[in-house]
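> A predicted structure for the sequence below; I have some questions about it.
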Amino acid sequence: MAQPPILSWEGLGLQQGGRWLLGGPDRENIDLHIGPRDRLALIGRNGVGKTTLLRLIDDRIEADQGQRKVKPGTRIVFLEQEPDFTGLGTLMDFALAGKHAPERHEVESIAAQLGIDMSRPAETASGGERRRAAIARALAMEPDLLLLDEPTNHLDLGAIDWLEDWLTRYKGAFITISHDRTFLKRLTKATLWLDRGIIRRKEVGFGGYEAWEEQVYAEEARAAEKLDAKLKIEAHWLERGVTARRKRNQGRLEKLWEMRAARAAMISTTGNAKLKLVNDDQFKSKSVIVADKVARSFGDRAVIKDFSLRIQRGDRIGIVGANGAGKTTLLKLITGEMQPDSGTVEISKKLTGVMIDQQRSLMEPERTVRQVLAEGGDWIDVRGIRKHVQGYLKEFLFDPKIVDSKVGALSGGERSRLLLAREFARTANLLVLDEPTNDLDLETLDLLQEVIADFDGTVLIVSHDRDFLDRTVTITLGLDGSGRVDIVAGGYEDWEAKRRQPVQVKAKPSPSKPETPSQPPPPKSDKLSYKDQRDYELLPARIEELEAAIVKGEAILSDPNLYAADPQKFATISKGIENARAERDAAEERWLAIAERVEG
């Protein structure tokens, strides 16, 4: 590490429920060092102790062994997944509570950028409003080390973009737990992998994590097989299943792209939601929901205007947009829960749906896993097929031994996964998923992708998870808040690409004035030397080149077969990424230092 750490844990160990959750006498020591500019992804399956580790770093709980060292003056701020608003009147009261509270004007400044009214009563604030208030509080405290536990939960796309931009410019260190692959790929430069009670670290961002994970599992599996230890081999059933699932999902992605291409041929390029049909009769026979010129207003505000779409059996529809843009309204109109002001929605009488909501409201903490899945028995009917409950748990990445555990003893992510297991067992031909990725780990997201791909009915997904949408949906319905609904064949990136298309405006330049350049030159400063001025002008382009090289390298490393096929190439590219990151960081710091002088 180039600079001394601002926080270290040496020989860390923690017991929970009579067992060692982290470290312990039968495992290698956990030594953790965090540098002043670290951007760390904390990865691990639900229930392995990721949030617990953040609490240990923040000194909220005591370890059973080990020594914690913090550089004097270091300010650590923890953005919890579920902050406690109990007894607080307004969101601003929450932000200013505690002995290390930030200054009001700092909170107000960040809150304004996030678009949140801090005078809102905390008790009635939505999940998204509470999350923005918690972010405003955390960032206003000017942390040296920021601990982020699922920071994008309940945020809309605009707020996520804002947070990504803030963290890109942030000069301190952060550790983040997140299911949002896009968020992790854009921001992280190193990975902490918490697995079976130990922590591994690699100086590669999330883009290279999966290749590294599979490399480690493959090496462990080979070692176990050489020892001919059946129990050790059995311990790898889950890891081998994860690796196989990812490879199967690559095949499913190819099929998804074919489905998108077929759907694109049916959607006109005018963007007005009219359909060109190769065989209109055949298309209509497969339609399960038909919306025609649907409109819905609340007061004077038009939330949905002139929306028309035929949804076919097997379509996977993603619904995206900012909070308040009308996603829930559109979902309710499509499913018949709400009636339009004008236009019609016809729903097939054969359509039977299952809705999995983001509140996970159906899970009762005192019931056991067996009761939730099989009403206390040993067998469960999974879409007409009888399966043993413990075998079914295994399909959803659970240790079958938890079958008699209480729901309240599970982590938030495990409860979400259990709800998915129960709901996907039901017989239905329509799945409605409202923010299904919240609280799920990356392996469960892979599993969810697989289940959706294999589902032979229609799927409606409301989500802010960009990567998940890109991996699952055939059509994206994008809302911008004006009432218009963009209909795009493809996922989130396809919708974004359409939004980025420039509006063609024909205009004649004034003959008396020269054309204004699209990008004005950087401001000059008498205080800058020639070298400073050159660096100020040229470093942004160099930083972009380095970013592109890093992204390209991480994409190559994401090939699960690369290490086995060419370990030397894997090592060379890994080293190249590390060098590019070091040069980029130095260039960023150099440019920021000059920019502060220019702006001053």
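Thanks, I have the structure now. Residues are numbered from 1 along each chain as shown.

> in CSV, list the C-alpha atoms belonging to whichever helix or strand residue 494 is part of.
Per DSSP states H and E, residue 494 falls inside helix 492-500. In CSV, the C-alpha atoms belonging to helix 492-500 read as follows (Å, rounded to 0.1, in the frame of the first residue of the first chain):
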residue,chain,number,x,y,z
TYR,A,492,-31.7,-0.1,-19.4
GLU,A,493,-28.6,0.7,-21.6
ASP,A,494,-30.8,0.6,-24.7
TRP,A,495,-33.2,3.1,-23.1
GLU,A,496,-30.3,5.3,-22.1
ALA,A,497,-28.8,5.2,-25.6
LYS,A,498,-32.2,6.4,-27.0
ARG,A,499,-32.3,9.2,-24.5
ARG,A,500,-28.8,10.3,-25.4
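
> so which elements touch it?
strand 316-321, helix 466-472, strand 475-479, strand 485-489 (3 or more Cβ pairs under 8 Å, 6 or more residues apart in numbering; DSSP states H and E). Heads up, the C-betas are built off the backbone N, CA and C, glycines and all.

> for that helix, which positions count as buried?
492, 494-496 (16 or more other Cβ atoms under 10 Å).

> could you dump these to TSV with distance to residue 4 and pLDDT?
Putting the buried residues of helix 492-500 into TSV (distance: Cβ to Cβ, whole Å; pLDDT from 0 to 100) gives the following:
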residue	distance to residue 4	pLDDT
492	41	90
494	46	87
495	45	89
496	41	86
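
> tell me who's in contact with residue 340.
294-296, 304, 333 (Cβ atoms under 8 Å, 6 or more residues apart in numbering).

> ok, residue 338 to residue 317 distance?
17 Å (Cβ to Cβ, to the nearest Å).

> of those two, give the one with the bigger neighbour count.
residue 317 (23 against 15; other Cβ atoms under 10 Å).

> just checking, the more buried one touches residue 459?
Yes: between residue 317 and residue 459 there is a contact under Cβ atoms under 8 Å: 6.9 Å.

> what touches both of the two?
Joint contacts of residue 317 and residue 459 (Cβ under 8 Å, 6+ apart) are residue 473.

> please report phi then psi for residue 197.
phi 90, psi 0 (degrees, to the nearest 10).

> dump the buried residues of helix 492-500 into JSON lines; add distance to residue 36 as well.
As requested, the buried residues of helix 492-500 are exported to JSON lines (distance: Cβ to Cβ, whole Å):
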{"residue": "492", "distance to residue 36": "34"}
{"residue": "494", "distance to residue 36": "39"}
{"residue": "495", "distance to residue 36": "38"}
{"residue": "496", "distance to residue 36": "34"}
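
> of those residues, which is the nearest to residue 582?
residue 496 (30.6 Å; Cβ to Cβ).

> give me the helices and strands touching the lengthiest helix in the chain, please.
For the chain, the longest helix by residue count, based on DSSP state H, is helix 567-599. For helix 567-599, the packing partners by 3+ Cβ pairs under 8 Å, 6+ apart come out as helix 530-557, helix 562-565.

> try it again at 6 Å.
Packing partners of helix 567-599 (3 or more Cβ pairs under 6 Å, 6 or more residues apart in numbering; DSSP states H and E): helix 530-557.

> much appreciated, bye for now.
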